[in-house]
Structure formats: structure tokens, C-alpha cells
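> quick one, fold the following:
(one chain, ligands or ions: 2)
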Amino acid sequence: MAAPSAIPRRGLFIGGGWREPSLGRRLPVVNPATEATIGDIPAATAEDVELAVSAARDAFGRDGGRHWSRAPGAVRAKYLKAIAAKIKDKKSYLALLETLDSGKPLDEAAGDMEDVAACFEYYADLAEALDGKQRAPISLPMEKFESYVLKEPIGVVGLITPWNYPLLMATWKVAPALAAGCTAVLKPSELASLTCLELGGICAEIGLPPGVLNIITGLGTEAGAPLASHPHVDKIAFTGSTETGKRIMITASQMVKPVSLELGGKSPLIVFDDVDIDKAVEWAMFGCFANAGQVCSATSRLLLHEKIAKRFLDRLVAWAKSIKISDPLEEGCRLGSVVSEGQYKKIMKFISTARCEGATILYGGARPQHLKRGFFIEPTIITNVSTSMQIWREEVFGPVICVKEFRTEREAVELANDTHYGLAGAVISNDLERCERISKAIQSGIVWINCSQPCFVQAPWGGNKRSGFGRELGQWGLDNYLSVKQVTKYCSDEPYGWYRPPSKL
Ligand SMILES: NC(=O)c1ccc[n+]([C@@H]2O[C@H](COP(=O)([O-])OP(=O)(O)OC[C@H]3O[C@@H](n4cnc5c(N)ncnc54)[C@H](O)[C@@H]3O)[C@@H](O)[C@H]2O)c1
Ligand SMILES: C[N+](C)(C)CC=O
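Ligands and ions are numbered 1, 2, ... in the order given. Reported below is the predicted structural model:
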């Protein structure tokens, strides 16, 4: 597909319209596959956050909430469905922008846009279903009382998202937040904001009530931090690095503001000796090289049974050599560039540290020779790894897999759990009972059996340990934005009778 000569020049999306950032500053957009500057995005600051939060508050309370926050879920569902339809109409264009902005292969970006549309549709259905779940009765042990539960939108929510799946990660928050009746301020990553700004255009096209969704782009410290600390933001939903997550939690704690955190990972993939090696190799590749390994749940620690380790690694290298690494717009590309120069340097430093610490770079570890420009890194396989090495312990967020061998199931589980993170884990074996045992033993929020990475909007997503807390997607994703209210009624004609009535004399 041909790249457009220019990307759209957008403002901040606040109160249903476009606004220039208060300080007039903009940030360059660099295509990481060519290193060319292809446009710019607005750089919001605290002044803009103020406007966006105020627009969201107005939208939440407008007309007593009749048109949004207290409207039947079916009303909000109509808007979500309209957004989904527009995303589908614009799928190719949005995918192209996502690729130009992030370096991911166009096929992957197109798949992401399908997931975005599906997520809006899914939460439209849950918004409709919410009406029927209101006033759910609670069974009480005293007949004189009746109790039921209302589920109400939390209020104005701040949604702060990363660059690896820019529009999809934003949608995982925007769709359920809007379905619940919240109003929102979305702050996507400064490294890839183009498609999120287009979402603003879509909201305007479908006539979403002004202020229901506001989108402010800019740096984390200048736009994200004031959003997280804003006293009129009722909840922060964050996806990003563990370091930033910690900061957000500290800030939010000052106001006892609820947060949900989807953070980093260092997930294991355990492969036993009873498998079809090529099938397992393909999952290992998908688990760590899809999206150039910039996946929170990447299974970047490969644990191989010692009996198959040599054969497995030979095949892994052969498959890795056959990946098409190219401009991500080229047909059949399966490994694009990483998102930025900063990320490129960070990944390269991880590889050189691994080498210095005594690990072996079995394959890759460098820029592909045929690509002179762009932030490309070969798929990289690292062996002779010890559990004290940085490459074993820290999230790389690049196309880098490190490998260790094991002898017994117990040893495999110990290695799998040898991490501060707890987002995901995977096991490949023909022995399904063993897979079930291991899925219980792995300390993570997600376990894949005989695969790695498939993700469905219906199933809960989120981590344990330093990978965060709270769950996105499914019903759990909607509950993130709902507050549960108990309503209890005294329904007897009799006086309560705890106090003796005062004397009538
Ligand atoms: N668990 C998940 O579902 C999931 C999904 C995708 C990415 N991630 C994680 O995200 C990380 C990569 O994303 P990233 O580099 O964009 O993360 P990041 O933490 O650098 O940035 C994430 C977002 O936070 C903002 N931000 C930065 N500093 C801030 C501050 N002080 N206050 C408020 N906001 C601030 C950024 O501008 C960006 O919008 C990886 O660690 C990855 O594992 C997790
Ligand atoms: C689940 N996924 C891969 C879309 C996003 C995690 O980075």
C-alpha cells in the first residue's frame, strides 16, 4: 500500500471539537521504519488537561445525566456500534497510519483494527445488557429488609495508554468506560498517537455527545501526570511500564483514587519433549517476535526440555532466518521496525549487556544488513543464560528471546515463576493433564496451553505481581468502570424497636 504524502494535522479533541494546545507546542511524528519526520501531534500540558477534564465533567452531569451517564445502556450502545462501523469503514486507512506511526507490519495493524471494531461492538452489547442487570436483588436473612444493587458509572476517568498497540490498547479502556456511562480523557503515548486522534474525528462524525470522550496527546510528564493527579478525575486506568505504573499509584493514593494497572511482563513459555517441534517453534516465534516483541505478554523466556533443546534451537534459528524483515508496508512483512530510536538503543543495550554477562547470542542481535535506515533489529535468540542475568530478569520489549533448559516439570515451574512479573505464561505439551497442572502452578493472570498470545475480547486480561492488578476485557473490563451501590429498604410497617419509645407523659 502506498504511504500518504502527509498525515492529518490534528489538534486536541476536547468537548467534541479540535483545539490547539494551550502553549502552542507540537511533537514530531517519526516513521520508525524510515526515520523520516512525517508530521506532528499536539503537546498538551496541564492547562489542556484542565479543559479536557472540565469537558468530561460537564458531559457526565449534563441534563442530570439523562443523555449519557444515567441514560439506558442501549442509548450508549448505539454510539459504540456507530464507532465500530466507522472503524471498519476506515480500517485500511487507520491500519496504514498505525504502521507509519509505530513500524508494525501492515497485516498486524489491519488485524488490530479488526480487534478495535470488535471491542467496541462487544461493549455495545454489554452496555445493553447492563440495563437488565440493574437492581439485582440481594437475599437477606431478615424479612423486614429488602436490598438490591445498582451499578453506576464511576464518573470521569483518565485513560493513559502505551504505544505498542496504540488504538487497540486505548479501545480496551475507552469502549468499556463509555459502555458503563463514564466520560473520559484519553492520553495515548506520545510515541504513537495518530490513530487515537483519528478516533476523535470518528466521535465527531458519529455525533458522540461533546465531552464524553476527550483525547489529549503529549508527553507523560506534561500531560499524563496532571491527568493522573487531577482532583476531578475519579479513576485512572493505566497501561504501560511498571515504573510509570508505580508513579501513578503513588499520585492516585494521595486522593484515594482507584487505579487499574496493566504493566510489563517477562512471561515464560515451557516446551516439553513430547511435542511436534515445528508447531511449537512457530508458537515460540509468535510469542516473542510478533509486533517485534513489543508485547506486554511476550513469552520472552523460553524453557526447553533438555531432551529436545538442541533440535528445537536448530529449528528456531531456521525459522527465525526465514522471517521477512522489511519496510512494514511491504506485503508479507512479519518483522517491522521497533517503535523509536530510543527503544532501538534500549534493546541493543540489553543484547550487549547479555553478551558481556556471558550469554551467547545464538542468532541475530544486530540490525539486518539489508536495511540501512529505520529502527530494525533481527529476531534474536540468546542462550547460556543464568537466572541472575539482566536478560532473564528484565523486560526487553523487543524481538529478543532468552532460553534455558530444564529436566523436570518441577524445575520448569520454578524457572517459570522466577520473576517479579506475573502477566502471562504458556506451556506446550501433548500431555494435557500436565498442562492443566502447570496452568495452576504458573503465577500469572493468563496461561496459554499449546499456544502463545491469542487474545479474545470475551476473556479477562491482566496480571499479578508487578504486572499490575485489575482485569480488562470481558465483563471484568466493564466492572472496572462501574461502582457498586447497595440500596437497602426497610419494608415492615412495624417500628424497628431497638430504642424504647419516650414516655408519653
Ligand atoms: N499489561 C498489559 O496489558 C500491557 C499492554 C501493553 C503494554 N504494556 C506495557 O507497557 C510498556 C510499554 O509502554 P510504554 O513505553 O508506552 O510505557 P510508559 O510507561 O513509558 O508510558 C505509558 C503511558 O504513560 C504515560 N506516562 C509516562 N510517564 C507518566 C507519568 N509520570 N504520569 C502519567 N503518565 C505518564 C506515557 O506518556 C504513555 O502514555 C511495557 O512495559 C509493556 O509491557 C502492558
Ligand atoms: C494483548 N495485546 C497483545 C494486544 C497487547 C499487549 O501488549
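> name the nearest residue to whichever residue of the stretch 251-400 of the chain sits closest to ligand 2, sequence neighbours excluded.
In the stretch 251-400 of the chain, the residue that lies nearest ligand 2 is residue 296 (3.6 Å; C-beta to the nearest ligand atom). Every residue, glycine included, has its C-beta placed from N, CA and C. Among residues not flanking residue 296 along the chain, residue 265 sits closest, at 5.2 Å (C-beta to C-beta, 6 or more residues apart in numbering).
> tell me the secondary structure for residue 354?
Under DSSP: H, G, I helix; E, B strand; the rest coil, the three-state class of residue 354 is helix.
> near ligand 2, which residues of the stretch 51-200 of the chain are found?
When proximity is defined as C-beta under 6 Å from any ligand atom, the stretch 51-200 of the chain approaches ligand 2 at 164, 165, 168.
> since we're on the closest residue to residue 430 other than its chain neighbours, how many residues are nearby?
Leaving aside its chain neighbours, residue 430 sits nearest to residue 274 (4.6 Å; criterion: C-beta to C-beta, 6+ apart). Residue 274 has 13 neighbours, counted by other C-beta atoms under 10 Å.
> ok, back up a step: among the residues of the stretch 51-200 of the chain next to ligand 2, which lie within helices?
residue 168 (DSSP state H).
> for the stretch 51-200 of the chain, what spans make up the strands?
In the stretch 51-200 of the chain, the strands defined using DSSP state E, counting those that start in this stretch lie at 136-138, 145-153, 156-160, 183-187.
> turn these into TSV, including mean pLDDT, distance to ligand 1 and mean neighbour count.
As requested, the strands of the stretch 51-200 of the chain are exported to TSV (pLDDT from 0 to 100; distance: least, C-beta to the nearest ligand atom, whole Å; neighbours: other C-beta atoms under 10 Å):
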stretch	mean pLDDT	distance to ligand 1	mean neighbour count
strand 136-138	96	29	11
strand 145-153	97	23	16
strand 156-160	98	5	29
strand 183-187	98	6	29
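> so who does the residue nearest to the spatial centre of the chain touch?
The structure's the chain has its C-alpha centroid closest to residue 169; by C-alpha atoms, centre = their mean the separation is 4.0 Å. Applying C-beta atoms under 8 Å, 6 or more residues apart in numbering to residue 169 gives the contacts 161, 162, 239.
> so what pLDDT did it get?
pLDDT for residue 169: 98.
> which stretches of the stretch 1-150 of the chain have low pLDDT?
1-6 (pLDDT under 70).
> and residue 426, what element?
Assigned by DSSP states H and E, residue 426 belongs to strand 424-428.
> distance between the helix or strand following that strand and the chain's centre?
Note on strand 424-428: by DSSP H and E, the next helix or strand toward the C-terminus is helix 432-441. Relative to the centre of its chain, helix 432-441 is centred 26 Å away, using C-alpha atoms, centre = their mean, to the nearest Å.
> helix 432-441 - contacts with which helices or strands?
Here helix 432-441 touches helix 409-416, strand 424-428, strand 446-449, going by 3 or more C-beta pairs under 8 Å, 6 or more residues apart in numbering; DSSP states H and E.
> any idea which of those is most buried?
Comparing the helices and strands packed on helix 432-441 by mean neighbour count (mean count of other C-beta atoms under 10 Å), strand 424-428 comes out on top with a mean of 28.
> which secondary structure element is home to the nearest residue to residue 452 once chain neighbours are set aside?
Of all residues not flanking residue 452 in the chain, residue 287 sits nearest, at 3.3 Å (C-beta to C-beta, 6+ apart). In the assignment (DSSP H and E), residue 287 maps to helix 277-289.
> can that helix be found next to ligand 1?
No: contact of helix 277-289 with ligand 1 (C-beta under 6 Å from any ligand atom) is absent, the minimum separation being 13.0 Å.
> ok now that helix, how far from the chain's centre?
Taking mean C-alpha positions (C-alpha atoms, centre = their mean), helix 277-289 and its chain are 22 Å apart.
> distance of the residue nearest to residue 430 relative to residue 285?
Distance, residue 274 to residue 285, using C-beta to C-beta, to the nearest Å: 20 Å.
> and the stretch 201-350 of the chain, which residues reach ligand 2?
Residues of the stretch 201-350 of the chain lying close to ligand 2 (C-beta under 6 Å from any ligand atom) are 295, 296, 297.
> go again with 8 Å.
Proximity of the stretch 201-350 of the chain to ligand 2, by C-beta under 8 Å from any ligand atom, involves residues 239, 290, 291, 294, 295, 296, 297, 298.
> next one: the second one from ligand 1, what distance?
Here residue 290 is placed at a distance of 13 Å from ligand 1 (C-beta to the nearest ligand atom, to the nearest Å).
> residues contacting that residue?
Residues near residue 290 by C-beta under 8 Å, 6+ apart: 108, 298, 453.
> the first one: neighbouring residues, count only.
Think residue 108. If you count neighbours by other C-beta under 10 Å, residue 108 ends up with 20.
> hmm, it is touching residue 292, no?
No: taking C-beta atoms under 8 Å as the definition, residue 108 is not a contact partner of residue 292, at 9.5 Å.
> okay, and the common contacts of the two?
Common neighbours of residue 108 and residue 292 (C-beta under 8 Å, 6+ apart) are residue 336.
> just for the stretch 201-350 of the chain, where's the confidence low?
Residues of the stretch 201-350 of the chain that meet the cut-off, pLDDT under 70, do not exist.
> can you give me the helices in it?
Applying DSSP state H, counting those that start in this stretch to the stretch 201-350 of the chain gives helices spanning 225-228, 242-253, 277-289, 309-321, 341-356.
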